[in-house]
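Student: Turn this into a structure:
(2 chains)
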Number of protein chains: 2
Amino acid sequence: MTATGTPRRAGSVRAVHFDGSVLRAVDQTLLPWEKIELSLHDAEEVAAAIRRLAIRGAPLIGVAAGFGVALELRRERTLPALDRACAVLCEARPTAVNLRHAVERVRAAALSVPQGEMQAAALQEAREIEAEEVAASAAMAANGAQLLSGVAAVLTHCNAGALAAPGRGTALAVIAELADRGSLAKVLVTETRPLLQGARLTAYELSALAIAHQLVIDSAAPALIAAGEVQAVVVGCDRVAANGDVANKVGTYSLALAANAAGIPFVVVGPTSTIDPDCPDGGQIEIEERGADEVRSAAGHPTAPVGTDCRNPAFDVTPSHLITALVTERGVARPVDRASVAALCSKR
Amino acid sequence: MTATGTPRRAGSVRAVHFDGSVLRAVDQTLLPWEKIELSLHDAEEVAAAIRRLAIRGAPLIGVAAGFGVALELRRERTLPALDRACAVLCEARPTAVNLRHAVERVRAAALSVPQGEMQAAALQEAREIEAEEVAASAAMAANGAQLLSGVAAVLTHCNAGALAAPGRGTALAVIAELADRGSLAKVLVTETRPLLQGARLTAYELSALAIAHQLVIDSAAPALIAAGEVQAVVVGCDRVAANGDVANKVGTYSLALAANAAGIPFVVVGPTSTIDPDCPDGGQIEIEERGADEVRSAAGHPTAPVGTDCRNPAFDVTPSHLITALVTERGVARPVDRASVAALCSKR
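Tutor: The predicted structure follows:
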């Protein structure tokens, strides 16, 4: 392994890019089997892609939503169009806060200029959000790799890579940086039922990055953590409450319990755009409950008797006391509590 | 719901039965979509069915293995045939101890009589083991239902019903008895990746028993436990060590952590044939690691990039300090420790 100044491994996939008139997005529901690029022309099309998880990952849906507002204003430079775009995008997924943050920023930018310049201002703000997230990814990678310096094996959940956030992602950016620095020998990847983002997307990204990895079913992870197979658990996040409680892909909480019981670090990585200072604690985070068919099937095929009733929360909340550190682009909160999260929010 | 003296709900499926010359077994790998009965004629055929999980569940594989020894002696009444049958059956799956217990009992019975009577003695012992497990299931149901009297919602993992143990099973026998007694309103069922015994088998059994249930992905269970959705977790077991540590289907450990964090009972149900007094603690239990294809696919369809490396432990160990009670046919160990487990073993 090399340890050059520039990262040896770039993110293998550019999940979304705006080409001037359309937002192009890899349809993540089809990876790793098909690499189809969607062309999205307005806010509703962007919102639909976010709802069905063709575009996913808290920072990435924020960036996509920003471009969605700009796209809508390209069709119609009016206040009703702006309001309509913001509403449909904010409602696409309730748990991640980046979506709302990005939409509000682009809306404010559009409203700060004369009506004729709205679209240009919105687009510029969307591009700025994207550039900030790319820079944040690099800074999180450096901060996280410093925190976990020398670690040889980690476990990650879901997908928090280039497919979830601009640049090299969040948790996976830290993991890639650890690999670049030469200490990392192995990554355990949870498959992340029901939609298999770990099996489909993280395994795909780690393979492209040439980082050794092993896939495990979600419920095997706690026992492998207990057996000492990894020295840290590193995950992304969809929303961080003011007290440091974290909403992330369902299953995160059980990994935090296991890491805690094993006495290894449980590290959450996310840009400060993921922090919601208006949300006092995890109990106030709305947890999206998705359709039963996701549970009653896997990879598109039935897993249970027809008509079986299901529960399908898409996220869970990990209380801050189980989180060793929160790694952001502005620095690391450790311990994770109301004071350390507030300090990150006020830092520039 | 009724509360009559005899259980209103019988186990809907007879997983194995010996008809005099063949062991007939429902192929559990095909449920709930196809109900195919296998005809098994010798020890190797029984062992093969156990290895590929057509017959599964610690008590049930013990019973099937007992009949497997008798079948082999039906073909050839010799000591080499007896040794061969015992070896191939004991090696079929390493973690559950019932298999070894049953094979040893049937072997001892065969060796205690003249060679001409070996087969009859073996068959009689196998039938006795089956009858004992049926009686044990009923006793566990009564003991568990008394322990959990009044509970309205429980969560269970994998399948510990009539498809896993003669009679009404172990954990599911307790659940069915709670339903019979009228308190139980809901069962949360974990799908139990990789082979989906919860989604396929437990949902199927609960549906046949007309007990309301909801299916969840494995990693959602800890958050639903934390949210107070159930008042107890009830699971089966594959081996209990002398100190009370329990090996059970992988994923059990994370449920015990979550139940502990939530302050609700974590109850393990199993016949005393599952206790291995020669195994001092969970660290000494051999954990079967199965093939990667189980992880790289779900319901027979690929879930990850071709060739992805996998880990696939089939069981995990839950330390006794996380277990509220061990329910057996002889009574309940509570707390679960070396003394209480030893007391159950010596009880008659």
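Student: Could you give the average pLDDT over the helix or strand hosting residue A:267?
Tutor: According to DSSP states H and E, residue A:267 maps onto strand A:266-269. Regarding strand A:266-269, the rounded mean pLDDT is 98.
Student: Can it be said to contact chain B?
Tutor: No - Strand A:266-269 stays clear of chain B (C-beta under 8 Å from any C-beta of the partner chain), getting no nearer than 12.9 Å. From N, CA and C alone the C-beta is placed, and that goes for glycine too.
Student: Quick one: residues in contact with that strand.
Tutor: A:140, A:144, A:147-148, A:160, A:170-171, A:173-174, A:232-237, A:240, A:246, A:248, A:255-256, A:259-260, A:318, A:322-328, A:336 (C-beta atoms under 8 Å, 6 or more residues apart in numbering or on different chains).
Student: Okay, now the sheet partners of it, with direction.
Tutor: strand A:232-235 (parallel), strand A:325-328 (parallel) (DSSP bridges).
Student: Extract the C-alpha trace of the first one and format it as PDB.
Tutor: Coordinates of the C-alpha atoms in strand A:232-235 are reproduced here as PDB (Å, rounded to 0.1, in the frame of the first residue of the first chain):
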ATOM      1  CA  ALA A 232     -13.800  -0.500  15.400                       C
ATOM      2  CA  VAL A 233     -17.300   0.000  13.900                       C
ATOM      3  CA  VAL A 234     -17.600   2.900  11.500                       C
ATOM      4  CA  VAL A 235     -20.900   4.100  10.100                       C
END
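Student: Does the helix or strand just after that strand pack against any helices or strands, and if so which?
Tutor: Using DSSP H and E, the helix or strand that follows strand A:232-235 in sequence is strand A:239-241. Using 3 or more C-beta pairs under 8 Å, 6 or more residues apart in numbering or on different chains; DSSP states H and E as the contact test, the elements touching strand A:239-241 are strand A:246-249, strand A:275-276.
Student: Out of those strands, the one nearest residue B:302 is which?
Tutor: strand A:246-249 (21.2 Å; C-beta to C-beta).
Student: other SSEs contacting the closest one?
Tutor: Contacts defined by 3+ C-beta pairs under 8 Å, 6+ apart place strand A:246-249 against strand A:239-241, strand A:315-318.
Student: need the strands paired with strand A:266-269 in JSON lines with mean neighbour count, can you?
Tutor: JSON lines is the format used below for those (neighbours: other C-beta atoms under 10 Å in any protein chain shown):
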{"stretch": "strand A:232-235", "mean neighbour count": "27"}
{"stretch": "strand A:325-328", "mean neighbour count": "26"}
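Student: Let me know the pLDDT of the residue nearest to residue A:337 when sequence neighbours are not counted.
Tutor: Sequence neighbours aside, residue A:244 is the residue nearest to residue A:337 in space, at 5.3 Å (criterion: C-beta to C-beta, 6 or more residues apart in numbering or on different chains). As predicted, residue A:244 sits at a pLDDT of 98.
Student: ok, residue A:244 - how many residues close by?
Tutor: A count of neighbours around residue A:244, defined by other C-beta atoms under 10 Å in any protein chain shown, yields 26.
Student: One more: residue A:92?
Tutor: Using other C-beta under 10 Å, residue A:92 has 23 other residues around it.
Student: Please apply the same query to residue A:283.
Tutor: For residue A:283, using other C-beta under 10 Å, the count is 12.
Student: cool, and residue A:210?
Tutor: 11.
Student: does it belong to a helix or a strand, and which?
Tutor: Going by DSSP H and E, residue A:210 is not in any helix or strand.
Student: Look up how far residue A:184 lies from it.
Tutor: According to C-beta to C-beta, to the nearest Å, residue A:210 and residue A:184 sit 12 Å apart.
Student: Check residue A:123 and give its pLDDT.
Tutor: Predicted confidence (pLDDT) for residue A:123: 97.
Student: Excluding chain neighbours, give the residue nearest to it in space.
Tutor: Of all residues not flanking residue A:123 in the chain, residue A:70 sits nearest, at 4.1 Å (C-beta to C-beta, 6+ apart).
Student: now do residue A:49
Tutor: Closest to residue A:49 by C-beta to C-beta, 6+ apart is residue A:55, at 4.8 Å.
Student: residues touching that neighbour, list them.
Tutor: Contacts for residue A:55 (C-beta under 8 Å, 6+ apart) come out as A:15-16, A:25, A:28, A:46, A:49, A:61, A:64.
Student: do residue A:185 as well
Tutor: Residue A:185 makes contact with A:152-153, A:212, according to C-beta under 8 Å, 6+ apart.
Student: Which stretches in the stretch 101-250 of chain A count as strands?
Tutor: Secondary structure of the stretch 101-250 of chain A (DSSP state E, counting those that start in this stretch): strands at A:153-156, A:186-190, A:213-216, A:232-235, A:239-241, A:246-249.
Student: Quick one: closest of those to residue A:79.
Tutor: Set against residue A:79 and scored by C-beta to C-beta, the strands of the stretch 101-250 of chain A come closest in strand A:239-241, at 28.8 Å.
Student: and that closest one, average pLDDT?
Tutor: So the average pLDDT for strand A:239-241 ends up being 97.
Student: Pull up the pairing partners for that strand, direction included.
Tutor: Sheet pairing for strand A:239-241, assigned by DSSP bridges, gives strand A:246-249 (antiparallel), strand A:275-276 (parallel).
Student: can you list these in CSV and add mean neighbour count and distance to residue B:38?
Tutor: As requested, the strands paired with strand A:239-241 are arranged in CSV below (neighbours: other C-beta atoms under 10 Å in any protein chain shown; distance: least, C-beta to C-beta, whole Å):
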stretch, mean neighbour count, distance to residue B:38
strand A:246-249, 30, 40
strand A:275-276, 24, 56
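Student: Tell me the residues of the stretch 51-200 of chain A that contact chain B?
Tutor: Within the stretch 51-200 of chain A, the residues that sit near chain B (C-beta under 8 Å from any C-beta) are A:188, A:190-194, A:196, A:199-200.
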